[in-house]
Every structure is written in structure tokens, then in C-alpha cells.
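*Asks:* Here is my input, please return the structure:
(one chain, ligands or ions: 1)
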Amino acid sequence: MKRIGVLTSGGDAPGMNAAIRAVVRTALYHGLEVYGIRRGYAGLLAGEIEPMSSPSVGGIINRGGTILRTARSEEFRTETGLHQAAQRLTQHGIDALVVIGGDGSMRGAVALRQYADLRVMGIPATIDNDIPGTDYSIGFDTAVNTALDAIDKIRDTAYSHERVFIVEVMGRHNGFIALEVGLAGGAEAILIPEVPYDLSDLLRRLDESYRRGKHSSIIVVAEGAVRATDVQKFLETHTPYHIRALVLGHMQRGGSPTAFDRVLATQLGVLAVERLLQGKTDEMVGIEGGKLITVPIEYVQMATKTVDARKLDIATMMAI
Ligand code: ATP
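*Replies:* Alright, predicted model coming up:
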């Protein structure tokens, strides 16, 4: 193995840059050449491939987003696309590829292996934290802290004006962010897609808390569970309280990565290159129980990651 390629794919996540930096510098440290592929699999198809140096990843450890940019590509999923992607890698003499991205990006790497004779390593990076095989994916911790910062600020207004705020956080298919942010932000209720909820029950709990003398509340909802505005409409028709809905949106994806994400990204980037150097392939690096691990990359499409429902029970207990 002489030349490795690195790309970021799917939604951007804070800490992707720290991972790129770690991959590039570890490879250079071991005497390998590194090529950066721009715009994920779309850029691979288009041949947007350039050599990277140590200075090219200087000053990026603290930057959100990804200097390589990212994209989603429907063309890559097709047989022709995968064949063309494999050809591009061969043309550039790339014999190993590090894919930094979400579960879809890992699936893409698995598919590409059917067409290309190369070694592949995956690095989990998505704010959704829904990738099986790792406790944390790069970007999740930063997204949680960004949303938490917003909720702490909203709480000041909620308290002062005696209002109920419904805060919608990201999480298309899961409640990882909502659960973590809700628990850390002391939310009165958390609605996530994995656990059935009942708005009438929410109303009852809200009434009870008002009777106990609470005059403001924060309710955190995952976008995949229900829209904040729908909860607002429902509560407004059944209560006299002042209800406000707030969608945090894409601000959760950006920003400077936390120390946790930078360290995780650096460790995973180093491990990915080291595993390639050991002759390993078709793995995803990750962290489990505080230890760095690797899992077969196919595991991502065979398993599903579930939220810790106990955390929801704890949040309910704390809202008494
Ligand atoms: P995020 O979790 O942030 O959405 P992701 O990596 O899951 O990130 P996707 O859009 O699902 O984002 O996947 C990124 C890209 O990976 C897709 O646009 C597509 O090009 C490729 N991809 C995903 N699934 C497959 C598959 N089954 N076969 C081939 N390529 C795939």
C-alpha cells in the first residue's frame, strides 16, 4: 500500500476536519501518499482528487464542516457509478480509501468494494449518532452541546415570561440528540420517534406541573417524532398557556467541535490508517465502553442502534 485516499460524505459533522487531519498526518508519518477526494462520492465520480500535504490540513482542527466538502450522490449507487468510481481510484493509483461519514456512506464503501480492488476503512461521523458498532460518532457531542446552549438561553426567557417552549432538535429517524439534550437541559418532556407518545398525556403532565407551581416549561422534540409547531397547535387549543415553538435546524450541524469530538476524531483517524497499514480492510473504527475498537463495516447495514430508553424514564422522573 502506497497511496491512500480520504473523503467525507453525507451530512457534515463538526470534527470531520480533525479526522481528515489525523488521517493525512498519520499516513504521511508512515511514508504514505495521501489524496483528498472532494465532495464525497460525487467528487470521486467527477475525479476531483488532489494530493494532500501536512500544511494542507493545518489550522483546521478547530473548524466545523469539512474542508473536503461533502455531498450525496444518487449516481454512485448505480452499477455504472460504482464501476466508474473504482476506475477513478485505479487511475490515481489509490489502493486504500478512508471514508468519513454516516451509515449511508459506510454502505457506499461496502458497495464500492464489490467493484474495486482496494482496502477500505470507515470512520463514523454524523451528528445523528445512529451508526451501529460505535457508542459515539464524530459530531454528536458538538451538536448536543450546541443545542444545549440554545436551550439554556431559551430557558431564561421561558422562566421570565412564564412560557412553554417546544424546541425541535435534529434526528430524522432517531432521538439520540433529543434525549441527550433534553436530559442535560432539564426538559419537562422529551418526544422521540422510538418511544410512542401521547399529546394528551403531555397536556396532563403540563397541567400537573402548573398546579405544582411551575410556570414555565421546555419540551424537547426530535424532528422525526413530531413537528414543534404541531405540538404548539395542540397545546394552544387545550390550554391557556403561552406556547412558543422553536426549530433549531442546521445551526446544530455547524460550529467548532468540542474537545471530545476533536480527540475522538483524531484517535479514530490515526486508528483507521494504522489498521490499513496492518493489512486490514472492510472495517469501521469506533469507540465502545471508552475503548477504541473496530467492527466489520458490513455490521452497519446488519444492525440497528437503539436509544437508551432508561434515559427517558430518568428525564420523566426529573420532571416531577
Ligand atoms: P448522514 O447520517 O449525515 O445523513 P450518511 O452517510 O448516512 O450521512 P447518506 O446520504 O445516507 O448519508 O449516504 C451518503 C452517500 O453514500 C449517498 O449519497 C450515496 O452516494 C452513498 N450510499 C448510501 N447508501 C448506499 C448504498 N446502499 N450503496 C451505494 N452507495 C450508497
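*Asks:* how about the helix or strand hosting Leu7, does it reach the ligand?
*Replies:* Leu7 belongs to strand 3-9 when assigned by DSSP states H and E. Yes. Strand 3-9 comes into contact with the ligand (C-beta under 6 Å from any ligand atom), by way of Ser9. Using the backbone N, CA and C atoms, a C-beta is placed for each residue, glycine as well.
*Asks:* Repeat that for stretch 301-314.
*Replies:* No. Residues of stretch 301-314 are not located near the ligand by C-beta under 6 Å from any ligand atom, the shortest gap being 7.5 Å.
*Asks:* I'd like the average pLDDT over that stretch.
*Replies:* Stretch 301-314 carries an average pLDDT of 95.
*Asks:* what about it, start to end distance?
*Replies:* Criterion C-alpha to C-alpha, to the nearest Å; first-to-last residue distance in stretch 301-314 is 30 Å.
*Asks:* which residues sit in contact with the closest residue to the ligand within the stretch 201-320 of the chain?
*Replies:* The stretch 201-320 of the chain approaches the ligand most closely through Gln301 (7.5 Å), counting by C-beta to the nearest ligand atom. Going by C-beta atoms under 8 Å, 6 or more residues apart in numbering, Gln301 touches Asp103, Met106, Arg107, Val110.
*Asks:* most surrounded residue in those residues?
*Replies:* Met106 (27 neighbours; other C-beta atoms under 10 Å).
*Asks:* I'd like the mean pLDDT over the strand holding Leu7, please.
*Replies:* For strand 3-9, the per-residue pLDDT averages 98.
*Asks:* Mind giving me the packing neighbours of that strand?
*Replies:* With contacts taken as 3 or more C-beta pairs under 8 Å, 6 or more residues apart in numbering; DSSP states H and E, strand 3-9 sits against helix 16-29, strand 33-37, helix 40-46, strand 96-101, helix 103-113.
*Asks:* Quick one: closest of these to the ligand.
*Replies:* The nearest among the helices and strands packed on strand 3-9, by C-beta to the nearest ligand atom, is helix 103-113 at 2.0 Å.
*Asks:* Contact residues of the stretch 1-150 of the chain facing the ligand?
*Replies:* 9-11, 41, 72-73, 76-77, 101-105, 107-108, 111, 126, 128.
*Asks:* now the strand holding Leu7 against helix 16-29, angle please.
*Replies:* With axes from the mean of the first three to the mean of the last three C-alpha atoms, to 10 degrees as the basis, strand 3-9 and helix 16-29 are set at 180 degrees to each other.
*Asks:* Okay, now the sheet partners of strand 3-9, with direction.
*Replies:* Within its sheet, strand 3-9 is paired with strand 33-37 (parallel), strand 96-101 (parallel), according to DSSP bridges.
*Asks:* Give the rounded mean pLDDT of the longest one.
*Replies:* In other words, strand 96-101. 98.
*Asks:* ok, and what's touching it?
*Replies:* 1, 3-10, 16, 19-20, 23, 40, 66, 70, 89, 105-106, 108-109, 112, 118-126, 138, 269, 272-273, 276, 281.
*Asks:* doesn't Val231 fall inside a strand?
*Replies:* No. Per DSSP: H, G, I helix; E, B strand; the rest coil, Val231 lies outside any strand segment and is helix.
*Asks:* domain ranges for this protein?
*Replies:* 3-139+257-302, 142-253 (automatic domain parsing).
*Asks:* mind listing what's buried in stretch 164-177?
*Replies:* Burial within stretch 164-177, assessed by neighbour count using 16 or more other C-beta atoms under 10 Å, is assigned to Val164, Phe165, Ile166, Val167, Glu168, Val169, Met170, Gly171, Asn174, Gly175, Phe176, Ile177.
*Asks:* Helix, strand, or coil at the fifth one?
*Replies:* Following three-state DSSP, we place Glu168 in the strand state.
*Asks:* that older thread, show me which of the residues of the stretch 1-150 of the chain next to the ligand are buried.
*Replies:* Buried by 16+ other C-beta under 10 Å: 9-11, 41, 72-73, 76, 101-105, 107-108, 111, 126, 128, out of those.
*Asks:* Can you list the residue ranges for helices in this structure?
*Replies:* In the chain, helices defined by DSSP state H lie at 16-29, 40-46, 74-77, 79-91, 103-113, 140-161, 176-184, 199-211, 228-238, 259-277, 299-302, 309-318, listed in chain order.
*Asks:* before we move on, back to that, from the buried residues of stretch 164-177, which single one is nearest Ile320?
*Replies:* Val164 (17.1 Å; C-beta to C-beta).
*Asks:* which parts of stretch 81-97 are buried?
*Replies:* Gly81, Leu82, Gln84, Ala85, Ala86, Arg88, Leu89, His92, Ile94, Asp95, Ala96, Leu97.
*Asks:* can you pull the pLDDT of the spatially most distant residue from the centre of the chain?
*Replies:* Residue farthest from the centre of the chain, counting by C-alpha atoms, centre = their mean, is Arg211 at 39.0 Å. Here, the pLDDT recorded for Arg211 equals 88.
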